[in-house]
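1. quick one, what's the 3D model for this:
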Amino acid sequence: MARTRPATQRGAADEALIRTLYEQHGGALLAYAIRLTGDRAAAEDAVQETLIRAWRNPEALTEARGSVRSWLLTVERNLITDRFRAKAARPAEVAEVSEQSATVPVQRDHAEGVVEALVMTEALEQLSPEHRDVLRSIYFQQLSVAEAAEQLGVPAGTVKSRAHYALRALKRSYAGKAGTLKEVAV
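-> Below is the predicted model of the structure:
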């Protein structure tokens, strides 16, 4: 029957093993982990986990099985690789909602705006080229009536008149199509 050592002797031997490993290889393990992770805190965690693995597998720490440092560095590299893979496989973390961010209004769905823009574009295409040019000059290019008149080569009164009739036609065309779209949506 094999005798086991008392727990106090085993604990002291385990502590001595880890201390010795850390004294001999801790600096190299930390430097290697920092190089792989770029983060000192993550590197320290990797060194700690590597030493725990060494403590759990003392049979691997004999020179007869190969270099102890090589085994430790390989274990550390595998741990870091596993952490990167696990992190990459998980969805991105979402921050908790704070009271301040809870008061920020949620943006509405932009689909309705897209439909309105399409309807407006189609309505603009129904206008005569003269009316469409006046609206583009005044509303899209934000020119004054005088600037639009100069650009289009017509009197300012003509720009005002065309804008009035163009808006009236656009309003009729747009209202009819928007009403139809809302009926379809319901």
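
2. any idea which residue sits dead centre in this structure?
-> Centroid check for the chain by CA atoms, centre = their mean gives residue 92 as the closest residue, at 7.4 Å.

3. quick one: secondary structure of that residue?
-> coil (DSSP: H, G, I helix; E, B strand; the rest coil).

4. do you know how far it is from residue 37?
-> Distance, residue 92 to residue 37, by CB to CB, to the nearest Å: 19 Å. All C-beta atoms are positioned from the backbone trio N, CA, C, and that covers glycine.

5. now residue 83
-> Residue 83 is 8 Å from residue 37, by CB to CB.

6. same check, this time on residue 12
-> On the measure of CB to CB, residue 12 and residue 37 end up 33 Å apart.

7. higher neighbour count, these two?
-> Comparing residue 12 with residue 37 by other CB atoms under 10 Å, the one with more neighbours is residue 37, at 17 against 12.

8. residue 47 is in contact with that one, correct?
-> No. Applying CB atoms under 8 Å as the test, residue 37 and residue 47 come out as separate, 10.7 Å apart.

9. and residue 158, how close does it get to residue 129?
-> 14 Å.

10. and the two? Which one has more around it.
-> When residue 158 and residue 129 are compared for neighbours, residue 158 comes out ahead with 16 against 7, by other CB under 10 Å.

11. the more buried one reaches residue 149, doesn't it?
-> Yes. With contacts counted by CB under 8 Å, residue 158 reaches residue 149, the gap being 7.2 Å.

12. pretty sure residue 21 sits against residue 61.
-> Yes. Applying CB under 8 Å, one finds residue 21 in contact with residue 61, separated by 7.4 Å.

13. any residues in contact with both of the two?
-> 54, 68 (CB atoms under 8 Å, 6 or more residues apart in numbering).

14. mind telling me what element residue 82 is part of?
-> helix 68-89 (DSSP states H and E).

15. can I get the CA coordinates of that helix in CSV?
-> What follows is helix 68-89, C-alpha atoms only, in CSV (Å, rounded to 0.1, in the frame of the first residue of the first chain):
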residue,chain,number,x,y,z
VAL,A,68,10.5,23.0,-19.3
ARG,A,69,10.5,26.5,-20.7
SER,A,70,9.5,25.3,-24.2
TRP,A,71,6.6,23.4,-22.6
LEU,A,72,5.5,26.5,-20.6
LEU,A,73,5.7,28.8,-23.7
THR,A,74,3.7,26.3,-25.8
VAL,A,75,1.0,26.1,-23.1
GLU,A,76,0.9,29.9,-22.8
ARG,A,77,0.7,30.4,-26.6
ASN,A,78,-2.1,27.8,-26.8
LEU,A,79,-4.0,29.6,-24.0
ILE,A,80,-3.7,33.0,-25.7
THR,A,81,-4.8,31.5,-29.0
ASP,A,82,-7.8,29.9,-27.4
ARG,A,83,-8.8,33.2,-25.8
PHE,A,84,-8.5,35.1,-29.1
ARG,A,85,-10.6,32.4,-30.9
ALA,A,86,-13.2,32.4,-28.2
LYS,A,87,-13.4,36.2,-28.2
ALA,A,88,-13.7,36.3,-32.0
ALA,A,89,-16.5,33.7,-32.0
